[in-house]
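K.L.:
Got a sequence here, can you model it:
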Amino acid sequence: MVDPDDEQPDPELLSTSLRTFMRLPTVQRSSVILMDVLGYSLNEIGEIMEASLPAVKSALHRGRSRLHELAKEPDDAPPPLLSSTERTLLAAYIDRFNARDYDAVRAMLAQEVRLDLINRRQLNGKAEVQNYFTNYANASPRHFALGFVDGHPAMLVYEAVAPDVVSYFVLLDWHDDAVLRIRDFLYAPYALEGAIVRSA
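P.N.:
Okay, here's the model as predicted:
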């Protein structure tokens with residue numbers, strides 16, 4: 001097996017879209033992003049992922065190889081259409097954010113909701129995740145809109161200082177009519193690099 005320490009980050013990998021990264025298994029995706037995008041060492045990645053050095057090297061090698069294969073596939077697939085139920089739920093969530101009605105947003109959470117504040121922390125369960133919205137309540141005003149990031153339905157976020165530029169995005173997963181998972185990319189600006197972003 002090729003030693004990842006002897007390889008240089010591939011520019012093609014660094015420009016890969018979020019949609020393509022999301023097609024990798026979690027361990028491979030994490031290894032590639034931590035090393036080739038964020039610049040962590042193999043040992044640091046092992047500590048973060050609680051994995052052995054050989055496991056990290058294997059995941060990194062396989063992830064890079066798979067990304068090369070995916071990069072050769074055509075990128076002309078249209079984004080998935082939202083069902084009327086999905087659109088209604090996501091629009092309601094976004095409307096409540098824009099109104100800064102965080103109590104109404106909290107009411108949309110499933111009891112077993114999980115939050116991934118990418119590059120910062122993970123929270124599990126409604127009792128923990130509820131506190132996350134306090135940070136938004138205390139933050140400077142932002143505007144939120146329905147859109148797509150690499151074909152995934154998303155809440156697009158615009159800062160007041162640059163109202164025409166997507167600053168970051170939030171992905172949501174639903175179970176019935178409740179939010180089951182939140183992936184907030186506030187602290188992961190690299191996720192927009194090379195991504196295909198469009199408003200709905």
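
K.L.:
so what's Asp173 up against?
P.N.:
Counting by C-beta atoms under 8 Å, 6 or more residues apart in numbering, Asp173 touches Val179, Leu180, Arg181. (Glycine included, C-beta is placed from N, CA and C.)

K.L.:
quick one: the last one and Asp116 touch, right?
P.N.:
Yes - checked against C-beta atoms under 8 Å, the pair Arg181 and Asp116 is within contact range at 7.4 Å.

K.L.:
Skip ahead from the longest helix anywhere in the chain and say which helix or strand is next.
P.N.:
In the chain, assigned by DSSP state H, the helix with the most residues is helix 53-71. Helices and strands here follow DSSP states H and E; after helix 53-71, the next one along the chain is helix 84-98.

K.L.:
What average pLDDT does that next one get?
P.N.:
What helix 84-98 shows for mean pLDDT is 92.

K.L.:
pLDDT weak spots in this structure?
P.N.:
Scanning the chain for pLDDT under 70 picks out 1-19, 73-80, 194.

K.L.:
same thing but 90
P.N.:
In the predicted model of the chain, residues 1-39, 49-56, 58-87, 119-120, 131, 134-141, 148-153, 159-165, 176, 188-200 satisfy pLDDT under 90.

K.L.:
re the thing from before, buried ones in the longest helix of the chain?
P.N.:
Going by neighbour count (16 or more other C-beta atoms under 10 Å), the buried part of helix 53-71 is Val56, Lys57, Ser58, Ala59, Leu60, His61, Arg62, Gly63, Arg64, Arg66, Leu67, Leu70.

K.L.:
Please list all residues in contact with the nearest residue to Thr85 once chain neighbours are set aside.
P.N.:
Take Thr85 and drop its neighbours on the chain: the residue closest to it by C-beta to C-beta, 6 or more residues apart in numbering is Asp177, 7.9 Å away. Contacts for Asp177 (C-beta under 8 Å, 6+ apart) come out as Thr85, Leu89, Met108.

K.L.:
how near is Asp177 to Gly39?
P.N.:
Computed as C-beta to C-beta, to the nearest Å, the Asp177 to Gly39 distance reads 41 Å.

K.L.:
What count of nearby residues applies to Glu159?
P.N.:
Residues near Glu159, counting by other C-beta atoms under 10 Å, number 15.

K.L.:
Now the closest residue to it other than its chain neighbours: phi and psi?
P.N.:
Spatially, and ignoring its direct neighbours in sequence, Glu159 is nearest to Ser167 (4.7 Å; C-beta to C-beta, 6+ apart). Dihedral pair for Ser167: phi -90, psi -40, per degrees, to the nearest 10.

K.L.:
Could you do Ala160 as well?
P.N.:
phi -60, psi -30.
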